[in-house]
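K.L.:
any chance you could fold what I've pasted below:
(2 chains, ligands or ions: 1)
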Amino acid sequence: MHIVVCIKQVPDSAQIRVHPVTNTIMRQGVPTIINPYDLFAVEEALRLRDTHGGEVTVLTMGPPSAEDSLRRVLSFGVDRAVLLTDRFFAGSDTLATTYALATAIKKIGETFGAPDIVFTGKQTIDGDTAQVGPGIAKRLDLRQLTYISKIDSVDTDAKEIVVERRSEAGVQVLKSQLPVLVAMLEGTNDLRRGTLEEAIAAARAEVVRWSAADAGIEDMQKCGLRGSPTIVKKVFAPSARSEKAAFIETEDQVPAEALIDEIFKRQPALEDDLAALASGY
Amino acid sequence: MADAPKTPPAKPQAGGRAASKKELPDHFKPYKHVWVFVEQERGQVHPVSWELLGEGRKLADKLDVDLAAVVLGPEGAETQHVVAEAFNYGADLAYLVADPLLRDYRNEPYTKAMTDLVNTYQPEILLLGATTLGRDLAGSVATTLKTGLTADSTELDVDDDKSLAATRPTFGGSLLCTIYTLNYRPQMATVRPRVMPMPERVERPVGKVITHPLGLVEGDIVTKVLDFLPARDSATSNLAYADVVVAGGMGLGSPENFQLVKQLATTLGAEYGCSRPLVQKGWVPSDRQIGQTGKTIRPKLYIAAGISGAIQHRVEVEGSDLIVAINTDKNAPIFDFAHVGLVADAIKLLPALTEAFRRRLSPHNRDKLAS
Ligand SMILES: Cc1cc2nc3c(=O)[nH]c(=O)nc-3n(C[C@H](O)[C@H](O)[C@H](O)COP(=O)(O)OP(=O)(O)OC[C@H]3O[C@@H](n4cnc5c(N)ncnc54)[C@H](O)[C@@H]3O)c2cc1C
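P.N.:
The predicted structure follows:
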């Protein structure tokens, strides 16, 4: 079985700060991490390979420095890492990103064997769109299984996969046919950590590096800014509320009653609502 | 990127995407009307659909076009009821694909139904809820149609050119950005539950319903639903729709102190929530997280104790009618958007507040106050 996992190196956005005066992003020194959902995807891929045999290829599109993320997953035991890197990709929105990734996956298929499963994370923590998985699936004409919390089984002979998909209303148990795209939610399995020896081996391992042309991308118009139908018109910081909050400052005297008065003064109807709620109507 | 590309480098684009001119290709010019996908799972409409109809109404009025509801579901009374409700929430007309194959959500038939409708009836704007279903569907529909899709928008508007302006958080939520899809149609966006207000429901007759065939048989659909396990703890999913929410943040200092939040919530008959670090620390289950990577809330009263008010939290609570913040730091960002601020130690104040509310709301005292 051949499994391809797409991962993304993202800024550890918990550490991103906005300059208080200029409202610009202060990116200096922000560490990068592997998008957390993608780690669940890598874990599931490795488990399936360990059970059923085969190979796991990890693919990322990003700047040359994204190689660090690939080395990290190499240390978990993935078989091959491909870095898709080209300045043509700069400014890609999700549609352009899925074009590049899908083309590269096709090329991976031609070079190393057609994938039975393509994994992605549910979404990234920087873009948050959850659109790349579905986009890749559509472009490669794969069945799409998103918000997957568990892979129940894979039958390599029958080419069948059974998964659990989370929705707001509950859990769907779905059976589909390989090849398939699976977008992983937080998995139910623990993540593995590479050993020191594995990390050393990974540091020496070869990372396959492809430009757009290497990956077989023919239409540059579909890449980067030019291939992106969405246009970012402006970026701005949210404005402060014009009407300032009513402040009740306090040192040791705790004015719970005063606070409640202030709440009911501003929203008189709340008093009845709260009484009804509190008595459990 | 530092390494030399093997292909010739692209010409730099002055001004990047912002400089793109609006040149809508001729074949997109007939695209008209605002569509809202009305999402249902097992006969239950997700309320985000009504919220979107409310928002869609405003956009349609500004553009002077019709607002249409798109209903996909099995044939029968349940689906007919959903169609009828769409008119009560402001739709001018409805597009309906009713087929037994649409009983449970599956990507393949839903994507086919939606893309066929779009290609046939050509809307200029298509809105979906940013739910698991809506995001799954929107991603495949947008890729099939090769159009732009703005995920998790927090604000929608049409600009002077009548283009859709969709605003969403960016850079991990630190900033907001406004996104356009100028040269492609439809202009697609998803919006999370509770970001838009619930419109008023007005009983109206069922208007024009345009039905469209699905054109698939079960054998065409590879993915099968083997089982469906309804969510067990229905109480937890109420956070987004609760009238009163009490939440705690890192200022509480320990999981034990978080009990103070729960106690106040219980006294008020409220739902409780928290900021993200508490979930990451394992103090509170993840379905209680409020914020960009958690839930959007829109209660009548929101009490935030020991929460700094980071932008990822702020954008998803700002729809609350009354925001009360308790924080020891007078300069905490939460005071920039709270309506009532209290510079106080939440660990001391919460028990006092619980007690005071209990006294105030007890039927006995209320009777006394009334007389
Ligand atoms: C991509 C991304 C997504 C995110 N998604 C979310 C999200 O969905 N939800 C979310 O909440 N955050 C989210 N965050 C995190 C967010 O940026 C903040 O880190 C987080 O909201 C801070 O939580 P906090 O206010 O509880 O903690 P802190 O920032 O640590 O603030 C604690 C506050 O408590 C006050 N305090 C301390 N002691 C007391 C006391 N005794 N009484 C009263 N006040 C006290 C302090 O003055 C301070 O203001 C996200 C971040 C990123 C990068």
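
K.L.:
ok, the residue nearest to B:Val202 when sequence neighbours are not counted - contacts?
P.N.:
The shortest distance from B:Val202 to any non-neighbouring residue, by Cβ to Cβ, 6 or more residues apart in numbering or on different chains, is to B:Asn88 (6.1 Å). For every residue, glycine as well, the C-beta is placed using N, CA and C. Going by Cβ atoms under 8 Å, 6 or more residues apart in numbering or on different chains, B:Asn88 touches B:201-204.

K.L.:
what's the closest of these to A:Tyr99?
P.N.:
Each of those was scored against A:Tyr99 by Cβ to Cβ, and B:Arg201 proved nearest at 42.4 Å.

K.L.:
and the helix or strand hosting B:Ala69, does that touch chain A?
P.N.:
For B:Ala69, the enclosing helix or strand under DSSP states H and E is strand B:67-73. No - using Cβ under 8 Å from any Cβ of the partner chain, strand B:67-73 stays clear of chain A, coming no nearer than 13.9 Å.

K.L.:
one step back: could you dump the contacts of B:Asn88 into JSON lines with secondary structure and pLDDT added?
P.N.:
Converted to JSON lines, the contacts of B:Asn88 look like this (DSSP: H, G, I helix; E, B strand; the rest coil; pLDDT from 0 to 100):
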{"residue": "B:Arg201", "secondary structure": "coil", "pLDDT": "97"}
{"residue": "B:Val202", "secondary structure": "coil", "pLDDT": "97"}
{"residue": "B:Glu203", "secondary structure": "coil", "pLDDT": "97"}
{"residue": "B:Arg204", "secondary structure": "coil", "pLDDT": "96"}
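
K.L.:
between those residues, which sits nearest chain A?
P.N.:
For chain A, the nearest member of the contacts of B:Asn88 is B:Arg201. The distance, counting by Cβ to the nearest Cβ, is 19.3 Å.

K.L.:
tell me who's in contact with the closest one.
P.N.:
Each residue near B:Arg201 by Cβ under 8 Å, 6+ apart is listed here: B:50, B:85, B:88-89.

K.L.:
can you report phi and psi for it?
P.N.:
Dihedral pair for B:Arg201: phi -90, psi 120, per degrees, to the nearest 10.

K.L.:
distance of it from B:Ala86?
P.N.:
Per Cβ to Cβ, to the nearest Å, B:Arg201 is found 11 Å from B:Ala86.

K.L.:
now A:Arg165
P.N.:
26 Å.

K.L.:
again, but for B:Tyr184
P.N.:
Distance from B:Tyr184 to B:Ala86, by Cβ to Cβ: 26 Å.

K.L.:
which one of those two is surrounded by more residues?
P.N.:
Between B:Tyr184 and B:Ala86, counted using other Cβ atoms under 10 Å in any protein chain shown, B:Ala86 has the larger neighbour count: 29 against 20.

K.L.:
how about low-confidence regions in chain A?
P.N.:
Along chain A, the model assigns pLDDT under 70 to residues A:13-27, A:240-245, A:250-254, A:280-281.

K.L.:
max-length helix in it?
P.N.:
For chain A, the helix with the greatest residue count under DSSP state H is helix A:94-112.

K.L.:
does that one come close to chain B?
P.N.:
Yes - judged by Cβ under 8 Å from any Cβ, helix A:94-112 comes into contact with chain B through A:94-95, A:98.

K.L.:
so for that helix, what gets flagged as buried?
P.N.:
Buried residues in helix A:94-112, counted by 16 or more other Cβ atoms under 10 Å in any protein chain shown: A:94-109, A:112.

K.L.:
list the residues that contact A:Val42.
P.N.:
A:Val42 touches A:5, A:7, A:56, A:58, A:73, A:76, A:78, A:119, counting by Cβ under 8 Å, 6+ apart.

K.L.:
centroid residue for chain B?
P.N.:
B:Arg192 (1.3 Å; Cα atoms, centre = their mean).

K.L.:
ok, and the closest non-adjacent residue to that residue?
P.N.:
Using Cβ to Cβ, 6+ apart, the closest residue to B:Arg192 is B:Ala130 (4.3 Å).

K.L.:
ditto for A:Ala276
P.N.:
Using Cβ to Cβ, 6+ apart, the nearest residue to A:Ala276 is B:Gly269, at 7.8 Å.

K.L.:
same thing with A:Ala203?
P.N.:
Closest residue to A:Ala203 apart from its sequence neighbours, by Cβ to Cβ, 6+ apart: A:Arg71 at 6.0 Å.

K.L.:
what about B:Asp26, neighbour count?
P.N.:
Burial of B:Asp26 is recorded as 7 neighbouring residues (other Cβ under 10 Å).

K.L.:
contacting residues for A:Thr94?
P.N.:
By Cβ under 8 Å, 6+ apart, the neighbours of A:Thr94 are A:127, A:129, A:131-132, A:135, A:230, B:139, B:149, B:151.

K.L.:
for the stretch 251-371 of chain B, what spans make up the strands?
P.N.:
With DSSP state E, counting those that start in this stretch as the criterion, the stretch 251-371 of chain B has strands at B:271-274, B:301-305, B:322-327, B:340-343.

K.L.:
equivalent analysis for the stretch 101-250 of chain A, please.
P.N.:
With DSSP E, counting those that start in this stretch as the criterion, the stretch 101-250 of chain A has strands spanning A:117-121, A:143-155, A:160-166, A:170-177, A:180-184, A:208-210, A:231-236, A:246-249.

K.L.:
as CSV, those strands with mean neighbour count and distance to B:Ser320 would be great.
P.N.:
CSV is the format used below for the strands of the stretch 101-250 of chain A (neighbours: other Cβ atoms under 10 Å in any protein chain shown; distance: least, Cβ to Cβ, whole Å):
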stretch, mean neighbour count, distance to B:Ser320
strand A:117-121, 28, 31
strand A:143-155, 20, 28
strand A:160-166, 21, 27
strand A:170-177, 19, 28
strand A:180-184, 27, 32
strand A:208-210, 17, 49
strand A:231-236, 16, 22
strand A:246-249, 14, 15
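
K.L.:
and those strands as TSV, adding distance to B:Trp283?
P.N.:
Below are these laid out as TSV (distance: least, Cβ to Cβ, whole Å):
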stretch	distance to B:Trp283
strand A:117-121	25
strand A:143-155	22
strand A:160-166	22
strand A:170-177	25
strand A:180-184	25
strand A:208-210	43
strand A:231-236	34
strand A:246-249	28
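
K.L.:
want to try CSV for those strands, with distance to the ligand as columns?
P.N.:
Putting the strands of the stretch 101-250 of chain A into CSV (distance: least, Cβ to the nearest ligand atom, whole Å) gives the following:
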stretch, distance to the ligand
strand A:117-121, 13
strand A:143-155, 17
strand A:160-166, 18
strand A:170-177, 23
strand A:180-184, 18
strand A:208-210, 29
strand A:231-236, 16
strand A:246-249, 13
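
K.L.:
mind checking those strands for the one nearest to B:Val118?
P.N.:
Proximity to B:Val118 (Cβ to Cβ) singles out strand A:143-155 among the strands of the stretch 101-250 of chain A, at 18.3 Å.

K.L.:
give me the nearest residue to B:Tyr105, chain neighbours excluded.
P.N.:
Nearest to B:Tyr105 is B:Leu133, by Cβ to Cβ, 6+ apart, at 5.1 Å.

K.L.:
what pLDDT does the one you found get?
P.N.:
On pLDDT, B:Leu133 comes in at 96.

K.L.:
surely the residue nearest to A:Ala276 touches B:Val245?
P.N.:
No - counting by Cβ atoms under 8 Å, B:Gly269 stays clear of B:Val245, with 11.2 Å between them.
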